[in-house]
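> Below are the sequence and a predicted model; questions follow.
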Amino acid sequence: MALISDFLREFKPSTWSTETYANKKFVRIPVDTEAVECIPIKNEFIKRYRAKYNIVAIERVQAPFLYMRYQLHRTNYEKNFSFPASESWTFVPAEEPSVDELIQYNCDERRVPRFLSLYFLSENLEMCKCVIAKKGHSYLQRDSNGYPDYIIHFEKAEPEDEIANYFSRLTLKM
């Protein structure tokens, strides 16, 4: 844990709060859905799911080991190929009881048997109440190609909410 603490002092994201990770691999921190750090993830979620769902709550996942492992692989990739890795979020459907297990294993479907049945529902989230936003890049096809960044809790939007959300994203061009 001392090595990770040293890395965290140097490379910890500015949005992370100071936590002690004794006897735990990660912490879930509730974040205000209107906070500046949530704007990009909210926009990506709305764009991906076309306003079918309302965001109820967002939690930031602070998993130092997974984050540092991802940063090491990303840095190594950029060093070897001499250009920056493009990052994006992947949304992993999850049932609330299995969220911690999914985070612990970096959303690896081989380690969480219940995950596989939900994986094919990624476009239609009717059976889920939350998704794990996994930030990463697509160049590395291995477990460390991303890390769990946020947990988004949502509910299905009513038809009138879908219409309002759709029109709120339209821009008038002249």
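Alright, I've got the coordinates.

> give me every residue that touches the residue nearest the centre of the chain.
The residue lying closest to the centre of the chain (CA atoms, centre = their mean) is residue 133, at 1.9 Å. The contact partners of residue 133, by CB atoms under 8 Å, 6 or more residues apart in numbering, come to 41, 44-45, 89-92, 148-152. Heads up, the C-betas are built off the backbone N, CA and C, glycines and all.

> Could you list the low-confidence segments of the protein?
1-2, 4, 51, 109-130, 137-145, 159-174 (pLDDT under 70).

> Longest helix in it, please.
Assignment by DSSP state H gives helix 64-81 as the longest helix of the chain.

> Direction included, what does the helix or strand following that one pair up with?
Under the assignment DSSP states H and E, the closest C-terminal helix or strand after helix 64-81 is strand 88-94. Under the criterion DSSP bridges, strand 88-94 sits next to strand 130-136 (antiparallel) in its sheet.

> Mind listing the strands the following helix or strand past the strand it pairs with pairs with, and their directions?
With elements assigned by DSSP H and E, the helix or strand that comes after strand 130-136 is strand 146-156. Strand pairing for strand 146-156, using DSSP bridges, gives strand 53-62 (antiparallel), strand 130-136 (antiparallel).
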